[in-house]
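Enquirer: quick one: sequence and predicted model below, then my questions.
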Amino acid sequence: MKKNIEEIQEEDWKVVEERLESMSDDLKLGILGESLTKKELINEIKKRSEVGIAYAEMQLDFIRWLIKQSKIV
């Protein structure tokens, strides 16, 4: 389910950015037809660009999935 920028809470943006910061500096990710380094992706998140929103949605969906799985076990 695609969200718009207003639906992502500030604390969620912080979680997404902190999670990305903890990843390898060699990270390179393809998203929305672009290939981005970790630093470039962090900048997209800070700008709340279309790429940043897409990455945040992907990470938040994954975190919600992990939480759901932990409740099943």
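Expert: That came through fine. Note that the structure is predicted; figures quoted are calculated from it, not measured.
Enquirer: got any ranges where the protein has weak pLDDT?
Expert: By pLDDT under 70, the low-scoring segments of the chain are 1-5, 73.
Enquirer: can you give the distance of the longest helix belonging to the chain from its chain's centre?
Expert: Longest among the helix segments of the chain by residue count, using DSSP state H, is helix 50-72. Remark: helix 50-72 is offset 8 Å from the chain centroid, using Cα atoms, centre = their mean, to the nearest Å.
Enquirer: who are the packing partners of that helix?
Expert: helix 10-21, strand 28-31, helix 38-47 (3 or more Cβ pairs under 8 Å, 6 or more residues apart in numbering; DSSP states H and E). For every residue, glycine as well, the C-beta is placed using N, CA and C.
Enquirer: looking at these, which is buried most?
Expert: Stretch with highest mean neighbour count among the helices and strands packed on helix 50-72: helix 38-47 (a mean of 16; mean count of other Cβ atoms under 10 Å).
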